[in-house]
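> This is a predicted model, with the sequence first.
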Amino acid sequence: MLRLENVTKIFNPNTVNQKSALVEIFLELAEGDFITVIGSNGAGKSTLLNVIAGVYPIDAGSITLDGNDIKGLPEHRRAYSIGRVFQDPMRGTAPSMTVEENLSMAMARGKKRGLKLGIRKDQRQFFADRLALLELGLENRLKDKVGLLSGGQRQAITLLMATLTHPRLLLLDEHTAALDPKTAKKIVELTEKIVGENNLTTLMVTHNMEQALRLGNRLIMMHEGRIILELADDFKQKMTVNGLLQEFEHLRGEAFVSDRVVLAT
Amino acid sequence: MSAGFFMQSVEQGLVYAIMAIGVYITFRVLDFADLTVEGSFTLGAAVAATLITKGYHPVTASLVPILAGASAGVITGLLHTKGRISGLLAGILTMTALYSINLRVMGKSNVPLLRTETAVSMVKGIIPEVIATLVFFALCVTVIVLLLDWFLYTETGFAVRATGDNEYMIRSLGVNTDNMKILGLAISNGLVAFSGALVAQYQGFADAGMGIGMIVAGLASVIIGEVLLGAGSIPRATIAVVGGSIVYRLAIAVALLVGFRASDLKLITAVLVVIALVSPRVKDMLNLNKKASVTGS
C-alpha cells in the first residue's frame, strides 16, 4: 500500500554541510504491516518518516500510497490519510484548546472544515468512550485545556487523535522517547492495543531495540541514510538484542555507535 | 469628570473596540504581531469618507471598507505565507504601502465630513440624539462580538485557533495553515477598517495620519481587558477586549483632564502597555521574594 522507490534526500546540497539523509531507499509496506525502525543517531529514521509525511520534498525517487503518487502533495494534504505522533508530547495537541476541541479537530481529518459548530452534542459521548479506553481518567476532563495535562496524558491524546479516523498509515516518531519509563510503557501498551484493534499500517521509529523486536511484524535497521537490515516476521521473532548488535557490526564492520541504543536495551 | 465627558469616552471605547477585536484576532488567536492595522484603519476611514463625499449611502460607505481592510490583510498574509517574509516585516510593508494608497483614495491628506449624511448622523435621526451614538456603537460591537464568538467555535474557527496555538499539530490533521493565517488576517483587518470607517464618520473627518499608534492602542485594550476581566474562554476574552478598550479610553480622558497634552497620549499609552505586560512578572517576583522570606524565617 505504501511504496518508496529509490527515495533520496540530501540536506544542504552543494555546501560544506551537505548530508545525504536518505540514499536510494526502497521500502514497501503491505496492508496491516507494523514495521519498527531502528538505527543510530543521524541514520535517517526521522527523515524517512518526514519525507513520507511531506514535511520536506525528496530529491529523487517516488512515494506512492495506495497506488497514488503522493510525492507532490503538501504535508496537510497527505495528512488526510496519514496520522502522526511526534517525539515531543507538546507537538501533537493545541494547549490552549480543550480536550474535546482537540479531538474534534482530529475527527475532521480529511473532511472539509466549514462553518458548522466544531463540537456537536452527539460527539461528546463518542469522545468520552474513546478517552475511557486510555484508562487515564481523561473522559472526565473533556472541557479542560490540554495545556493543563501532563506530557504522558498529552501523548496518549495525540495517539488517540492520530488514529481516531482510521488513517491509511500511522507514523510514530520515537513517540515514547521523551516520557518517563512508566508513562512510556503505558503509551507502548496503548499503541499495541490501538494499532492491533484497528489493524493500522504503521511505521514506528524507536531507540529501544527490545521494543523494536517485540512490537510489529517487520523490523528495519538504518545506517547513514540506508536500510542495512530488514527482518521479516519469522526472523524477527527469533532475533535478540545482542543478535541485532552483532548483525550491525557484521554489516558495517564497526561497533554500534549510539550509546542511547545500547543503554535502551 | 462630567457625564458628557464620560459618555464620550465610552463611545470612543466602543468604536475603537472593534479595532481592538481585530488586534485580538491576530495578536492572541493567531499569535501574529500584525502591523497592517495602522494602515488598514486609515484605509477604512479613507474609503468611507471618499464614498460618502461621492454621494454613496452611509451604510454602503461603512460596509465597503470591511472588504478593503480584508484585502489588506490578505496581502500581508500572502507576503508572510507564500513570500516567507517574517510576520512583523510583512505587516510593516503593507502598512507602508497603504500610506500611499490611502492618500490616493482620499486625493488629499484630510477629507472633512461636516454637514454630510453619515451613519452616525443617520442614527441620530432615529433615536434620541444624546444616546444615539452610544447605542449605535454598542449595537455594532455586540453583533461583532457574537459573530466572532460563534465563528471561533466553528470547525474553521477551531482550525484558525489551532494554527495560532500549534501549527505543526493542525497541519498534521490536514489543515492548510497558510490559508488559516490569511483568513485570520483578513477578518482582523476587515474589522479594523470597519472601525476606521465608523471613527471617520464619528469624528467628522478622515485623515492620513489617523492610524498612527493604532496597534499599541489595540494592544493596550487587549491587555488591559485580560488583566481586568481575564481570558479564560473565547466569549470571556472577546468581552474583555471591549471592556479593555473602554477602560483605555477613560484612562486617556483622565490623563487629559489632569493636564497632559494630546501629544503626550502616545507616550502614556506605551507606558500603560508596558505596565500591563510587565505587571505579571513583577507579581511573580514579589511572590517569590515573599516565599523566600517565609522559608528563610
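Ah, there it is.
> Tell me the secondary structure at B:Tyr16.
helix (DSSP: H, G, I helix; E, B strand; the rest coil).
> all strands for the chain, in order.
Just so you know, I chose chain A. Secondary structure of chain A (DSSP state E): strands at A:2-11, A:19-29, A:34-39, A:60-65, A:68-69, A:82-85, A:169-173, A:202-205, A:218-223, A:226-231.
> ah, no, chain B please
Using DSSP E, strands in chain B cover B:110-112, B:205-207.
> any residues touching stretch B:51-59, and which ones?
Identification of contacts with stretch B:51-59 by C-beta atoms under 8 Å, 6 or more residues apart in numbering or on different chains yields B:60-61, B:64, B:111, B:113, B:116-119, B:121-122, B:201. Just so you know, the C-beta spots here come from the backbone N, C-alpha and C atoms, and that holds for glycine as well.
> In contact with the residue in the stretch 1-150 of chain B positioned nearest to chain A, which residues?
Evaluated by C-beta to the nearest C-beta, the stretch 1-150 of chain B has B:Trp150 as its residue closest to chain A, separated by 8.3 Å. Residues in contact with B:Trp150 (C-beta under 8 Å, 6+ apart) are B:Gly157.
> where does chain B dip in pLDDT?
B:1, B:291-297 (pLDDT under 70).
> that older thread, which one of the strands of chain A lies closest to A:Asp122?
Closest to A:Asp122 of the strands of chain A is strand A:82-85 (C-beta to C-beta; 22.9 Å).
> Write out the residues of the stretch 51-200 of chain B neighbouring chain A.
For the stretch 51-200 of chain B, the residues in contact with chain A (C-beta under 8 Å from any C-beta of the partner chain) are B:151, B:153-159, B:161-162, B:165-166, B:168-177.
> hmm, try it at 7 Å
Taking C-beta under 7 Å from any C-beta of the partner chain, the part of the stretch 51-200 of chain B that reaches chain A is made up of B:153-159, B:161-162, B:165-166, B:168-176.
> For burial, what's the neighbour tally of residue 192?
The chain I'm using is chain A. Counted by other C-beta atoms under 10 Å in any protein chain shown, the residues lying close to A:Glu192 total 14.
> my question was about chain B
The tally of other residues near B:Val192 (other C-beta under 10 Å) stands at 38.
> Hmm, B:Ala20 and it touching each other?
No: B:Val192 is not in contact with B:Ala20 according to C-beta atoms under 7 Å; the separation is 9.0 Å.
> just the contacts of stretch B:51-59 now: which is nearest B:Tyr248?
For the contacts of stretch B:51-59, the nearest to B:Tyr248 is B:Gln201 (21.1 Å; C-beta to C-beta).
> Once you drop chain neighbours, what's closest to that closest one?
B:Thr118 (3.7 Å; C-beta to C-beta, 6 or more residues apart in numbering or on different chains).
> That neighbour is in contact with B:Ala200, isn't it?
No: using C-beta under 7 Å, B:Thr118 is not in contact with B:Ala200, being 8.2 Å away.
> The two - which one has more neighbours?
A side-by-side neighbour count of B:Thr118 and B:Ala200, using other C-beta under 10 Å, places B:Ala200 first with 31 against 22.
> which residues touch the residue lying closest to B:Ile223 once chain neighbours are set aside?
Nearest non-adjacent residue to B:Ile223, counting by C-beta to C-beta, 6+ apart: B:Ala276, 4.2 Å away. For B:Ala276, the contacting residues are B:223-224, B:227, by C-beta atoms under 7 Å, 6 or more residues apart in numbering or on different chains.
> So which of these belong to helices?
Counted as lying in helices by DSSP state H, out of the contacts of B:Ala276, are B:223-224, B:227.
> give me the number of residues near B:Met122?
16.
> now swap in the one 5 residues further on and tell me
The tally of other residues near B:Ile127 (other C-beta under 10 Å) stands at 13.
> what do you get for B:Thr94?
Close neighbours of B:Thr94, defined as other C-beta under 10 Å, add up to 29.
> Test my guess that it contacts B:Leu78.
No: B:Thr94 is beyond contact range of B:Leu78, at 9.7 Å (criterion: C-beta under 7 Å).
> ranges for the helices of the chain?
Just so you know, I chose chain A. Using DSSP H, helices in chain A cover A:45-53, A:75-78, A:99-107, A:121-132, A:151-163, A:181-198, A:209-214, A:233-238, A:241-252, A:259-263.
> let's do chain B instead
Ranges of helices in chain B, per DSSP H, are B:3-24, B:36-53, B:58-81, B:87-106, B:119-124, B:129-152, B:155-165, B:167-171, B:177-203, B:214-229, B:234-257, B:265-296.
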